[in-house]
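Asks: Using only what follows, build the 3D model:
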Amino acid sequence: QVQLVESGGGLVQPGGSLRLSCAVSGSIFSMGWYRQAPGKERELVAGITPSGDTNYADSVKGRFTISRDNAKNTVYLQMNSLKPEDTAVYYCNAGRLYYRSTYYRPGNYWGQGTQVTVSS
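Replies: Numbers count the residues shown, from 1 in each chain. Okay, here's the model as predicted:
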């Protein structure tokens, strides 16, 4: 059974930074972060494919960085220059399917979500 435990959300002022962490138990190949704002659909923020390719939503390119520590089986999302429109619940996602693609595919496993609020 794969379990995902997220941490690092909170309240930050515009222009500030936060780092989200997601520790995964079990063997997985792909890891990513999604977010869902009130009244909106869940969207991919950033993902790492089994081959190590990274994908980012256009709205976060240049501001967010996804990384993975294989030794700790943990994925991170470093968020800089945060904007009010980044406010959402952020969900960690992981998959056990190995695939060959440069594009991230959502896996079957989800974290419980962590709230990120960007406000002055």
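Asks: Can you pull the poorly scored residue ranges out of the chain?
Replies: Applying pLDDT under 70 to the chain flags no residue at all.
Asks: Give me the phi and psi angles of the residue most central in space within it.
Replies: For the chain, the residue whose C-alpha lies nearest the mean C-alpha position (C-alpha atoms, centre = their mean) is Trp33; its distance is 2.1 Å. Per-residue torsions, Trp33: phi -130, psi 130 (degrees, to the nearest 10).
Asks: so what's it bridging to?
Replies: Ala46, Cys92 (DSSP bridges).
Asks: does it really touch Tyr91, like I thought?
Replies: Yes - between Trp33 and Tyr91 a contact is recorded at 7.0 Å, counting by C-beta atoms under 8 Å. (C-beta placed from N, C-alpha, C; glycine too.)
Asks: residues contacting Thr49?
Replies: Thr49 makes contact with Ser30, Asn55, Tyr99, Ser101, Thr102, Tyr103, Tyr104, Arg105, according to C-beta atoms under 8 Å, 6 or more residues apart in numbering.
Asks: Counting neighbours, what do you get for Glu48?
Replies: Just to correct that, residue 48 is Ile rather than Glu. 19 (other C-beta atoms under 10 Å).
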